[in-house]
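# Generate coordinates for the sequence data below:
(chains A and B)
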Amino acid sequence: MITAGIDVGSISTKVVLLQEDEIYSLVRPTGWSPKEAGLNTYQELLQQTGISESEVAYKVGTGYGRISLGFIDKAVTEIHCHARGANYLVRGGGLVIDIGGQDSKAILMNDHGKVLDFAMNDKCAAGTGRFLQVMAAALGVDVSQLAELAKDRQPLEINSMCTVFAESEVISLLAKGADKQDIIAGIHRSVARRVWGMASRFGAAAKQILFTGGVAKNQDVRNRLAIEAGAPVIAPELGQLAGALGAALHARDVAKKDLV
Amino acid sequence: MRPQSMKIFDELRNLNVLTVQNAKQEGEKVVGCYCTYSPQEIILAAGAHPVTLCGTRQEPIAAAERDLPRNLCPLIKSSYGFAVSKKCPYFEAADVLVAETTCDGKKKMYELMSKIKPMHVMNLPQNQNGEQTLAAWTKEMEIFKDWLAEKFAVEISEEDLRKAIKLMNREREAMRRLHATTKVKPSPVTGVDLLVSVWTKGFNINKEDGIKLVEDLTAEIEELTAQGSSPFTAETPRILLTGCPVGFGSEKVVRLLEESGASVVAFENCSGYKALDRLVDEDPTKDVMVALAEKYLSIPCSCMSPNEGRLELIHKMAQEYQVDAVVDLTWQACHTYNVEAFVIRDYVQNKLNLPYMHLETDYSESDVEQLRVRVQAFLELVQGE
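Presented below is the predicted three-dimensional model:
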């Protein structure tokens, strides 16, 4: 059986086609139209894999764009899909910290990946992927370079939680002649502190901490999050796909139920 | 099916304005109130009409922010904004206002508001313990009674007070029966309809008419229950809402919950059931002012420290209304409810063993989609998906 998970995030759209334990995936920028990004990315992946639409038994959409997707069978929140996907990548439940493009979330699961409780950031973009994008732009570097630049650096104090104020703070630091790489380390530490502030409530109950979402690809944020948590942080290789994978897994459950 | 009587409540919104304006033309006195701590019995005994004032809509907030800080709770800003922009017909009709020292934001705002209209602020104790606290609050009742008697040049007799207590208790009992209609599974009415009817009732100055309307609506809902009519199913998750007050214009969380497939059956907050749980003691041998003071002091608002009564009320209502989960709503910058959320979370999750979600938001629509994700994820959790 083949099922699909379509995770339309604020920055990127992730699609997973799941056939038994085989994961086919594609990531594309969401751009201005979540509806088209979802459909186009899905069709592109079908084309790449040579799987035909009629072979897909069930499609679940998630992410902030889930509501605008007309072609899916069901929409499920990213909270559940991320937990489900993360628990598939690393078994045993625990705490999932997901930092995406415009939100961050902490999800506490039981040993089987069932959601017990969760927290999400407020409507502002502090401590999210967008925050890192804005900071990278202010520093004239690409987001993909941030981790390497901040490696083993002494983090400078970034006090502002607000993206706009933090940007001014970074510009002031640059004007004072502060080292760019130390500033980046400081930015990473502020992201880690912010997200751990939200997640720490669940920390004691969790036997392991998983880190997913686009920002989890940043090794330096990962390290600094582990320092804040005082515990190892596992970032599964396919962490960015956790939401789409969870959606595809959910789709498989529904499709199997329908067969019975 | 939506109860037919809800249409009467929809129309009552316009009618309420006419009623209060007519009363004014007849030379009757109107006293504006913001809070459930305001002793309506004293107002009634003075021959005046107590009326709730506007404070649940987003529109006047911009006007309020000319004088007040932005980082203040939307209820305080909305109340003040309505007052300064003259957009609340009940505020306009009020001869005087009565308010209480509940939270810091409100009492400081009242200082500004008292420049617009004569206002009496009752000094509400910050806890409910001991005889001296009750004595102080009883004294505040006396001071308010004397202030009102002087303002309106009337005598407020014990007999009038006892009559007013009976009337208000009848109103409370009618409201309690209305709230109790949602105890059945599935609830025969939506939480939004229940909220709108209760909220609209607050602006109706004709107490007898109001009681009749509430009784008629209750009877119709009970009839719907008997027919097995409900907008929900037996599987619909039943929610208890606690926290800050909600009214028409600030009902977005209730609406989101019901749009996402839940049924809000219990309103523990002060715009709902909180102040109805206890009646005023009608014992004729009891001092009438002490009887009033006891009732009002017992209201379990987060401005009380500590506020154990809220936990007891949540416990009781969670059982009576057979709820599946508790949602705690805090208006942004409402420190007392925000801090208390920690206690409520622990109590609900660990003592009642129910799922709990705390939401912090304001009256605006700007975060509706973010809230929707939380609400939907919470309901997925409640339903065990």
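
# quick one: contacts for the residue in the stretch 151-300 of chain B positioned nearest to chain A?
The minimum distance from the stretch 151-300 of chain B to chain A, using Cβ to the nearest Cβ, falls at residue B:260 (9.7 Å). C-beta here means a position set from N, CA and C on the backbone, and glycine is covered the same way. Listed by Cβ atoms under 8 Å, 6 or more residues apart in numbering or on different chains, the contact set of residue B:260 reads B:372, B:375-376, B:379.

# out of the residues you listed, who's nearest chain A?
Nearest to chain A out of these is residue B:376 (Cβ to the nearest Cβ; 4.7 Å).

# Assign a three-state SS to the closest one, would you?
Taking DSSP: H, G, I helix; E, B strand; the rest coil as the rule, one finds residue B:376 in the helix state.

# and it, how many neighbours?
24 (other Cβ atoms under 10 Å in any protein chain shown).

# repeat for the one 3 residues further on
Using other Cβ under 10 Å, residue B:379 has 22 other residues around it.

# Over to residue B:132?
Using other Cβ under 10 Å, residue B:132 has 9 other residues around it.

# How about residue A:162?
Neighbour tally, residue A:162, other Cβ under 10 Å: 13.

# Output the contacts of residue B:260 as TSV; include the columns distance to chain A.
Shown next, in TSV, are the contacts of residue B:260 (distance: Cβ to the nearest Cβ, whole Å):
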residue	distance to chain A
B:372	8
B:375	9
B:376	5
B:379	9
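
# Any regions of chain B where pLDDT drops low?
Residues of chain B meeting the criterion pLDDT under 70: B:385.

# for chain A, same thing?
A:123, A:260.

# list the contacts for whatever residue of chain A ends up closest to chain B?
At 3.6 Å from chain B, residue A:79 is the closest residue in chain A, using Cβ to the nearest Cβ. Listed by Cβ under 8 Å, 6+ apart, the contact set of residue A:79 reads A:105, A:107, A:115, A:118, A:120, B:373, B:377, B:380-381.

# and if you look at residue B:156?
Going by Cβ under 8 Å, 6+ apart, residue B:156 touches B:42, B:45-46, B:145, B:148-149.

# Tell me if it really is in a strand.
No. Counting by three-state DSSP, residue B:156 falls outside a strand, being coil.

# quick one: it from residue B:144, how far?
10 Å (Cβ to Cβ, to the nearest Å).

# list residues touching both of these two?
Common neighbours of residue B:156 and residue B:144 (criterion: Cβ under 8 Å, 6+ apart): residue B:42.

# Show me what the helix or strand hosting residue B:80 is packed against.
In the assignment (DSSP states H and E), residue B:80 maps to helix B:74-85. In terms of contacts (3 or more Cβ pairs under 8 Å, 6 or more residues apart in numbering or on different chains; DSSP states H and E), helix B:74-85 is packed against helix B:61-64, helix B:104-113.

# How far away from the center of its chain is the first one?
Going back to what we said before, that points to helix B:61-64. Averaging C-alpha positions (Cα atoms, centre = their mean, to the nearest Å) puts helix B:61-64 22 Å from its chain's average.

# Now do the buried residues in it.
Neighbour-count burial for helix B:61-64, counted by 16 or more other Cβ atoms under 10 Å in any protein chain shown, picks out B:61, B:63-64.

# Please identify the buried residues of stretch B:276-295?
Going by neighbour count (16+ other Cβ under 10 Å), the buried part of stretch B:276-295 is B:276-281, B:288-289, B:291-295.

# same check, this time on stretch A:19-26
Residues of stretch A:19-26 classed as buried by neighbour count (16+ other Cβ under 10 Å): A:19, A:23-26.

# just so I know, which of the helices and strands packed on helix B:74-85 lies nearest chain A?
That would be helix B:61-64 among the helices and strands packed on helix B:74-85, by Cβ to the nearest Cβ, at 16.8 Å.

# In three-state terms, label residue A:211 for me.
Classification of residue A:211 using three-state DSSP returns strand.

# Tell me if I'm right that it and residue A:231 touch.
No. Residue A:211 is not in contact with residue A:231 according to Cβ atoms under 8 Å; the separation is 11.3 Å.

# Compare neighbour counts for the two and give me the winner.
residue A:211 (26 against 15).

# contacting residues for the closest residue to the more buried one other than its chain neighbours?
Take residue A:211 and drop its neighbours on the chain: the residue closest to it by Cβ to Cβ, 6 or more residues apart in numbering or on different chains is residue A:235, 4.5 Å away. Contact analysis of residue A:235 by Cβ under 8 Å, 6+ apart lists A:210-212, A:216-217, A:222.

# what's the most distant pair in those residues?
Pairwise distances across those peak at 13.8 Å for A:210 and A:217 (criterion: Cβ to Cβ).

# Get me the contact residues on chain B for chain A.
B:349, B:355, B:360, B:366-367, B:369-370, B:373-374, B:376-377, B:380-381, B:384-385 (Cβ under 8 Å from any Cβ of the partner chain).

# Now do the helices in the stretch 1-150 of chain B.
In the stretch 1-150 of chain B, helices defined by DSSP state H, counting those that start in this stretch lie at B:5-25, B:40-45, B:61-64, B:74-85, B:89-93, B:104-113, B:130-152, listed in chain order.

# same deal with chain A?
In chain A, the helices defined using DSSP state H lie at A:34-49, A:78-89, A:129-139, A:146-150, A:163-175, A:180-203, A:219-229, A:242-259.

# Can you pull the domain assignment for chain A?
Domain ranges of chain A: A:1-90+A:238-260, A:93-235, per automatic domain parsing.

# and the closest residue to residue B:287 other than its chain neighbours, how far is that from chain A?
Nearest residue to residue B:287, sequence neighbours excluded (Cβ to Cβ, 6+ apart): residue B:138, at 7.9 Å. According to Cβ to the nearest Cβ, to the nearest Å, residue B:138 stands 42 Å off from chain A.

# do the same with residue B:142
On the measure of Cβ to the nearest Cβ, residue B:142 and chain A end up 45 Å apart.

# same check, this time on residue B:54
Distance, residue B:54 to chain A, using Cβ to the nearest Cβ: 26 Å.

# name the element the nearest residue to residue A:80 once chain neighbours are set aside belongs to?
Distance criterion Cβ to Cβ, 6+ apart; nearest residue to residue A:80, sequence neighbours excluded, is residue B:380 at 5.2 Å. Counting by DSSP H and E, the element that carries residue B:380 is helix B:368-382.

# what residues does the stretch 51-200 of chain A put near chain B?
Residues of the stretch 51-200 of chain A lying close to chain B by Cβ under 8 Å from any Cβ are A:64, A:76-80, A:103, A:114-118, A:120, A:122-123.

# List only those of those residues flagged as buried.
Neighbour-count burial (16+ other Cβ under 10 Å) applied to those gives A:64, A:76-80, A:103, A:114-118, A:120.

# thinking again about what came up before, from the contacts of residue A:235, keep the buried residues only.
Among the contacts of residue A:235, those buried by neighbour count (16+ other Cβ under 10 Å) are A:210-212, A:216-217, A:222.

# Name the residue of the stretch 1-150 of chain B that lies nearest to chain A.
The minimum distance from the stretch 1-150 of chain B to chain A, using Cβ to the nearest Cβ, falls at residue B:71 (12.9 Å).

# In the stretch 251-385 of chain B, mark out all the strands, start to finish.
B:263-267, B:325-331, B:356-361 (DSSP state E, counting those that start in this stretch).

# What is the longest one packed up against?
Contacting strand B:325-331 under the criterion 3+ Cβ pairs under 8 Å, 6+ apart are the following elements: strand B:238-243, helix B:252-259, helix B:335-346, strand B:356-361, helix B:368-382.

# Mind listing what's buried along the third one?
Translated: helix B:335-346. Here helix B:335-346 shows B:336-338, B:340-341, B:344-345 as buried, counting by 16+ other Cβ under 10 Å.

# Tell me the one of the residues you listed nearest chain A?
So of those, ranked by how close each gets to chain A (Cβ to the nearest Cβ), first place is residue B:345, at 9.0 Å.

# Please name the residues that touch the closest one.
B:328, B:356, B:358.

# Brilliant, that's me finished.
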